[in-house]
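Student: Build me a model from this:
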Amino acid sequence: MLEIAENGRTWVLSGPTSSYAVHLTEQDELLHLHWGPAIALADAEELAARPLPGASSFESRLDGREEYPVEGGPRFARPALSVRTPERRGTEWTFERYDTEGDELRLRFRDGGLAITLHYRTRGDVVERWTTLDNDGAEPLELLRADSATWTLPEREGWRLSQLHGRWAAESRLVRSDLTYGEKVIGSRRGHTGHQHLPWVALDTDATEERGEVYGCALGWSGSWRLAVAQLPDARVQITGGAGYDDSGLLLLAPGESFTTPVFAGLWSDTGHGGASRTWHTYQRTYVIPDADQDRPVLYNSWEATQFDISEDQQEVLARRAAAVGVELFVVDDGWFGARTSDRAGLGDWTPNPDRFPAGLKPLADRVHALGMRFGIWVEPEMVNADSDLYRAHPDWVQYQEGRKRTEFRNQLVLNLAREDVQEYLWEQLDGLLSSAPIDYVKWDFNRCFTDAGWPGEAYPQRLWVDHVRALYGLLDRLREAHPGVAFESCSGGGGRIDLGIMSRTDQVWTSDNTDPLDRLAIQHGFSQIHPARVMAAWVTDSPNTQLNGRVSSLRFRFVSAMAGVLGVGGDLSEWTEEELAEARRWVDLYKEIRPLVQHGDLYRLRPPTGGLSAVQYVRGDETVVLALLQAQHYGEPLPALRLRGLDPTVSYECLETGEVHRGAVLLHHGLRTGLRGDLDATVLRLRRI
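Tutor: Numbers count the residues shown, from 1 in each chain. Presented below is the predicted three-dimensional model:
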């Protein structure tokens, strides 16, 4: 809901439980008024009537109060907008007008030939903000920095910052720390979202999992990015974020050109970190993720079974075993195309290897469909091997610096997707591929960061950082429109490209290359702070885990760990015993029963994965399911009881595994005692209203 004051200078956007308010002074200063519990327009007008504190020679009365700080004028805080022209640098804007379209509010300002439009929209209790910059003048404008938004928090003492950090095979790990004076900056200068941080932060003072105020922000951008959380000298806190890591130059806007920033979304919750997470999850399932109401199928991926040594007959053997355990989607990973017998060759040549697939992918896809499964493939379109037909024909199509060695990681280079000829080549290759066989699913990978991000001959080469991402989005949008039945997964060496921007164009994401079920508990716990189980791909692979750490774990523990998201199987099924295959079938059947709860229900983190018992609960309608995983037992200590959440306390629920009847917010104890024994054990408990 949007409310506007009679004088057209105060605006209040409200969701079911929260409000966001801004005010424009007579001096065209756009001030932040309120973000928190729901308020009325009269409350916002009362806040707007309060005078700002006086300024001094050393402090600004605007810092910490301005809605979108620009560079220049009486300001010292980090600017969200920094513009350079041939004559000057900075912005001195005046208000032109506001307008609305549906539930979107647009505030338009001008500085000479630059038009600046601030956009606001509520999606439930999530506020979406973004900015459009139009060059209406006769001279080019350089955008050194163009952040999506600046978020201002209310005055509080003792702010605590939550963030998700990591590296390859250890992504999305949650850390909470006291916020101190100065700036805390996280981001990526790697050309993609990155394994090191997810573009999300949360702040609280004393919140628990289910109680207390939490403020959260998440950026929808799949390239380099930066979030800066600043505690200013007067203790006020602001969060500024957008595309690009530094201020060296983002884009050069020629006359008539415009740039729209990615969405920077924010929410307030008074139901703790768990409540904030559930609000994020509902927002993404409702407004971000394509076809989020549809169940994601159980998949099998052949990578860990075969790696590059694949053949059509071998894949069919795996497909038959996968179908027998209840798999619904069979995916051929790397090695099906070009001269791809290792990671040293073939990237860029997206045609089936004639020795391995003499008649292309269609015969295998048809046999997979005949087994009752969908068919998928792996691609890495943004990359190229030096040993490829594509690179031999177009060595200038990669990112490189003139006169410098072309750096290779994983024996590959990054295609300059900002070039229109590269975009058209990839469209022709991928459209032709998806038209050549009944392909239902594409795992889209990105296995190296930008290093030599140059573009010889281009007048403004640094634009490739932004234009690469815009071209990626355009290509995905074009492919989805042309092939509406094909689902896409975002992968980047695991969780290196996970953000709201890529999620709006893909159906699920690969959470991490680490498939160890114990390590995955912390990774999935962190992931769930912002993103829903509906997109979180998780595989059951072989034991011992030879890919990473050699850890031995039971099939039971591996399955329950992976059932917390979109279940997949990635082990070598040709080596599994008949007993293991039969047990796998039982777990897959159970997952299909609880899948509507896991993928579409409300998530409650009952116990974090801190060394003993961890548990997550999903609630949907009259049903709930608990996945409990015991990492280790020590000194004969009894297992703790679990208090369930999100249930009606006035009615009874029956546990299908034990037959026990519980009331509302019950303590589950007996089911845990009977279901968990020793180290690395797990159990699933289902309850239904009676």
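
Student: Report the contact partners of the nearest residue to Q314 once chain neighbours are set aside.
Tutor: The spatially closest residue to Q314, leaving aside those adjacent along the chain, is T306, at 6.4 Å (Cβ to Cβ, 6 or more residues apart in numbering). Every C-beta, even on glycine, is put in place using the N, C-alpha and C of the backbone. Contact partners of T306, counting by Cβ atoms under 8 Å, 6 or more residues apart in numbering, are 314-315, 318, 333, 335, 572.

Student: any idea how far T306 lies from Q315?
Tutor: As judged by Cβ to Cβ, to the nearest Å, T306 and Q315 stand 8 Å apart.

Student: buried sites along stretch 537-544?
Tutor: Within stretch 537-544, the residues scored as buried using 16 or more other Cβ atoms under 10 Å are 537-543.

Student: Among those residues, which are located in strands?
Tutor: 537-540 (DSSP state E).

Student: Of those, just say which sits nearest to L680.
Tutor: When these are ranked by distance to L680 (Cβ to Cβ), V540 comes first, at 13.9 Å.

Student: Which pLDDT value goes with that closest one?
Tutor: Looking at V540, its pLDDT is 98.

Student: hang on, it packs against L573?
Tutor: No - taking contact to mean Cβ atoms under 8 Å, the distance of 10.5 Å between V540 and L573 leaves them out of contact.

Student: Go ahead and flag the most central residue of the protein.
Tutor: Note on the chain: the residue nearest the mean C-alpha position is D499, at 2.7 Å, using Cα atoms, centre = their mean.

Student: Could you count how many residues lie near Q529?
Tutor: As a burial measure, Q529 scores 22 neighbours (other Cβ atoms under 10 Å).

Student: Next: G675.
Tutor: Burial measure for G675: 20 neighbouring residues, criterion other Cβ under 10 Å.

Student: Make 666 the first number, not 1, from now on.
Tutor: All set: I'll call the first residue 666, so the last point we hit is now G1340.

Student: ok, and the closest non-adjacent residue to it?
Tutor: The spatial neighbour of G1340 that comes closest, neighbours along the chain excluded (Cβ to Cβ, 6+ apart), is T1348 at 3.1 Å.

Student: In which helix or strand does the one you found reside?
Tutor: Using DSSP states H and E, the element containing T1348 is strand 1346-1354.

Student: Show me what that strand is in contact with.
Tutor: Counting by Cβ under 8 Å, 6+ apart, the neighbours of strand 1346-1354 from elsewhere in the structure are 1219, 1221-1222, 1224-1226, 1228, 1255, 1258-1259, 1287-1295, 1309, 1312-1313, 1316-1323, 1327, 1333, 1336-1337, 1340-1341.

Student: next one: stretch 893-900
Tutor: Applying Cβ under 8 Å, 6+ apart, the external contacts of stretch 893-900 come out as 724, 728-729, 742-743, 820, 822, 824, 826, 844-850, 866, 868, 902-906.

Student: Apply the buried test to those and list what passes.
Tutor: Among those, those classed as buried by 16+ other Cβ under 10 Å are 724, 728-729, 742-743, 824, 826, 844, 849, 866, 868, 902-906.

Student: Report the two of those residues separated the most.
Tutor: E724 and V866 (25.4 Å).

Student: Which parts of the stretch 766-915 of the chain are strands?
Tutor: 769-776, 779-788, 791-800, 806-811, 814-817, 825-830, 838-843, 847-853, 862-869, 879-884, 890-896, 902-908 (DSSP state E, counting those that start in this stretch).

Student: where does L1165 fall, phi/psi-wise?
Tutor: Dihedral angles of L1165 (phi, psi; degrees, to the nearest 10) stand at phi -60, psi -30.

Student: contacting residues around the nearest residue to R1250 once chain neighbours are set aside?
Tutor: The spatially closest residue to R1250, leaving aside those adjacent along the chain, is V990, at 4.7 Å (Cβ to Cβ, 6+ apart). The contact partners of V990, taken as Cβ under 8 Å, 6+ apart, are 1234, 1238, 1246, 1249-1250, 1253.

Student: And those residues, which is closest to I975?
Tutor: The nearest one, if we look at the contacts of V990 relative to I975 and count by Cβ to Cβ, is L1238, at 14.2 Å.

Student: can you pull the contacts of the residue nearest to the closest one when sequence neighbours are not counted?
Tutor: Across the structure, with Cβ to Cβ, 6+ apart as the measure, the residue nearest L1238 apart from its sequence neighbours is R986 (4.0 Å). Shown here is R986, whose contacts under the criterion Cβ under 8 Å, 6+ apart are 1238-1239, 1241, 1246.

Student: rewinding a little: give the phi and psi angles for the residue nearest to R1250, as a check.
Tutor: Backbone torsions of V990, given as degrees, to the nearest 10, read phi -100, psi 10.

Student: What confidence value was assigned to it?
Tutor: 98.

Student: That one and S923, how far apart?
Tutor: The value you get for V990 to S923, if Cβ to Cβ is used, is 52 Å.

Student: Ok, L915 next?
Tutor: 13 Å.

Student: Then L779?
Tutor: According to Cβ to Cβ, L779 and S923 sit 10 Å apart.

Student: list residues touching both of the two?
Tutor: Common neighbours of L779 and S923 (Cβ under 8 Å, 6+ apart) are 798-800.

Student: Just the strands from the stretch 966-1115 of the chain, written as ranges.
Tutor: Defined through DSSP E, counting those that start in this stretch, the strands belonging to the stretch 966-1115 of the chain, from first to last, are 994-997, 1039-1044, 1048-1050, 1077-1079, 1106-1109.

Student: Tell me which of these approaches R810 most closely.
Tutor: Using Cβ to Cβ as the measure, strand 1077-1079 is the one of the strands of the stretch 966-1115 of the chain that comes nearest R810, at 23.8 Å.

Student: Distance from the chain centre to stretch 1178-1190, please.
Tutor: Averaged C-alpha coordinates place stretch 1178-1190 at 17 Å from its chain's average position (Cα atoms, centre = their mean, to the nearest Å).
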